[in-house]
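*Asks:* sequence and predicted structure are below.
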Amino acid sequence: MLDLAVPPHKQLETIKAACARGTAKGILAQKPLGTNYAEAVAAVEACEAAGIVLAVNQNMRYDQSVRAAKTLLENGTIGEPVLATLDMRGIPHWKPWIKEQGWVTLRIMSIHHIDTFRYWFGNPERIFCSTRTDPRTDFPHTDGIASYILEYKNGLRVIAIDDTWTGPAREGAPADIGIQWRIEGLDGLAIGDIGWCHDPYTTPSSIRYATKGDKEFHTPRWEESWFPDAFIGTMAQLLIALETGDPPAIDGRDNLDTMALVEAAYLSAEEHRAVSLKEITKG
């Protein structure tokens with residue numbers, strides 16, 4: 001098995017080289033799976049032609065609060081979801097390679113959240129996105145701060161704010177850093193706090209939820225954290241796929257819809273309109 005740890009603009013050529021060599025049975029690629037949707041499609045098709053199982057390291061799916069929320073949705077504890085929100089106020093460390101890309105937040109940070117929304121709720125019909133530059137990021141980019149709405153056919157609305165500025169937290173003002181998510185269902189409410197943004201970054205994420213008739217929130221706890229414990233899940237799901245012959249939980253072809261939604265977000269921000277998933281996938 002090949003575990004890739006290269007920047008997105010190097011992934012396609014590395015995957016193609018691995019396919020040509022023909023010794024790997026499985027590849028765990030980083031997100032984003034290429035610098036755009038077309039590169040992601042090319043990577044998936046190369047692996048399929050070579051008979052190599054491709055999985056993507058969308059590790060937020062294995063954050064403990066995200067898994068707990070998925071359980072609440074699957075077993076009907078909080079009922080049909082009506083509204084979900086995610087609010088990220090965090091200051092990432094942009095790696096040197098990203099300065100060459102002309103983009104930051106949507107493909108690096110928001111892609112985690114968009115993939116998590118797909119994991120929770122499936123594919124939306126369309127996305128509306130608005131972006132602006134981050135005053136602190138001193139290289140060319142368009143998407144330092146991003147806000148977007150996912151619209152679902154059944155009426156569900158998912159709203160996210162991904163703010164990599166957070167105010168002048170590094171310029172002398174007090175910081176208010178964190179990532180919180182919220183799912184409101186017909187029968188209950190679930191609220192999560194992602195530990196990655198806390199100090200230390202190994203702080204466990206948390207969840208609290210309540211349903212009709214509860215007098216207080218349920219607050220399960222665990223010791224594991226998104227970083228580094230969630231990475232066990234992304235590696236294990238590929239190993240299990242190779243062992244069983246079933247598709248991996250984060251299959252490369254499935255991840256194309258995550259990449260397509262990110263691409264749709266960029267197009268939406270550029271053209272100031274909602275963009276359907278089908279506009280990108282042509283499906």
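*Replies:* In hand now; what should we look at? Residues are numbered from 1 along each chain as shown.
*Asks:* give the ranges of residues in this protein that sit below the confidence cut-off.
*Replies:* Applying pLDDT under 70 to the chain flags residues 283.
*Asks:* and the helices in the stretch 51-200 of the chain?
*Replies:* For the stretch 51-200 of the chain, the helices defined by DSSP state H, counting those that start in this stretch cover 64-74, 105, 111-121.
*Asks:* can you put those in a markdown table and add mean neighbour count and distance to residue 278?
*Replies:* For glycine as for every other residue, the C-beta is placed from the backbone atoms N, C-alpha and C. Output for the helices of the stretch 51-200 of the chain, formatted as a markdown table (neighbours: other Cβ atoms under 10 Å; distance: least, Cβ to Cβ, whole Å):
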| stretch | mean neighbour count | distance to residue 278 |
| --- | --- | --- |
| helix 64-74 | 19 | 25 |
| helix 105 | 25 | 24 |
| helix 111-121 | 23 | 15 |
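*Asks:* which one of those lies nearest to residue 223?
*Replies:* helix 64-74 (9.3 Å; Cβ to Cβ).
*Asks:* what is the closest one packed up against?
*Replies:* helix 111-121, strand 178-185, strand 188-194, strand 206-211, helix 226-244 (3 or more Cβ pairs under 8 Å, 6 or more residues apart in numbering; DSSP states H and E).
*Asks:* residue 151: which of the ones you listed is closest?
*Replies:* Closest to residue 151 of the helices and strands packed on helix 64-74 is helix 111-121 (Cβ to Cβ; 11.2 Å).
*Asks:* can you list contacts of that closest one?
*Replies:* Helix 111-121 has contacts (Cβ atoms under 8 Å, 6 or more residues apart in numbering) with 31-32, 58-61, 66, 69-70, 73, 81, 84, 86, 88, 124, 150, 152, 156, 158, 160, 162, 183, 255, 257-259, 261-262, 265.
*Asks:* what's the burial count for residue 25?
*Replies:* Residues near residue 25, counting by other Cβ atoms under 10 Å, number 13.
*Asks:* residues touching residue 52, list them.
*Replies:* Here residue 52 is in contact with 18-19, 24-27 (Cβ under 8 Å, 6+ apart).
*Asks:* distance of it from residue 71?
*Replies:* Distance from residue 52 to residue 71, counting by Cβ to Cβ, to the nearest Å: 32 Å.
*Asks:* hmm, back to that, just the buried residues of the contacts of residue 52.
*Replies:* 18-19, 24, 26-27 (16 or more other Cβ atoms under 10 Å).
*Asks:* can you give me the strands for this protein?
*Replies:* Taking DSSP state E as the criterion, the chain carries its strands at 2-3, 26-29, 53-56, 81-89, 126-132, 145-151, 157-163, 178-185, 188-194, 206-211, 275-276.
*Asks:* which one of those strands lies closest to residue 107?
*Replies:* Nearest to residue 107, of the strands of the chain and by Cβ to Cβ, is strand 145-151 at 10.2 Å.
*Asks:* now the angle from that closest one to strand 81-89?
*Replies:* Angle between the axes of strand 145-151 and strand 81-89 is 170 degrees (criterion: axes from the mean of the first three to the mean of the last three Cα atoms, to 10 degrees).
*Asks:* any idea what the nearest residue to residue 156 once chain neighbours are set aside is bridged to?
*Replies:* Counting by Cβ to Cβ, 6 or more residues apart in numbering, residue 156 lies nearest to residue 81, which is 5.4 Å off, once chain neighbours are set aside. Going by DSSP bridges, residue 81 is paired in beta bridges with residue 185.
*Asks:* about what we covered before: out of the strands of the chain, which comes closest to residue 246?
*Replies:* Nearest of the strands of the chain (Cβ to Cβ): strand 53-56, 9.7 Å.
*Asks:* number of residues surrounding residue 171?
*Replies:* For residue 171, using other Cβ under 10 Å, the count is 8.
*Asks:* separation between it and residue 143?
*Replies:* 21 Å.
*Asks:* then residue 233?
*Replies:* Counting by Cβ to Cβ, the gap from residue 233 to residue 143 is 28 Å.
*Asks:* quick one on the thing from earlier: adding distance to residue 274, write the contacts of residue 52 out as CSV.
*Replies:* As requested, those are exported to CSV (distance: Cβ to Cβ, whole Å):
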residue, distance to residue 274
18, 38
19, 37
24, 40
25, 41
26, 37
27, 34
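*Asks:* tell me which residues in stretch 138-146 are buried?
*Replies:* 141-146.
*Asks:* same question, stretch 145-161
*Replies:* 145-150, 152, 156, 158, 160.
*Asks:* of those, closest to residue 97?
*Replies:* Residue 97 lies nearest to residue 146 out of the buried residues of stretch 145-161, by Cβ to Cβ, at 20.1 Å.
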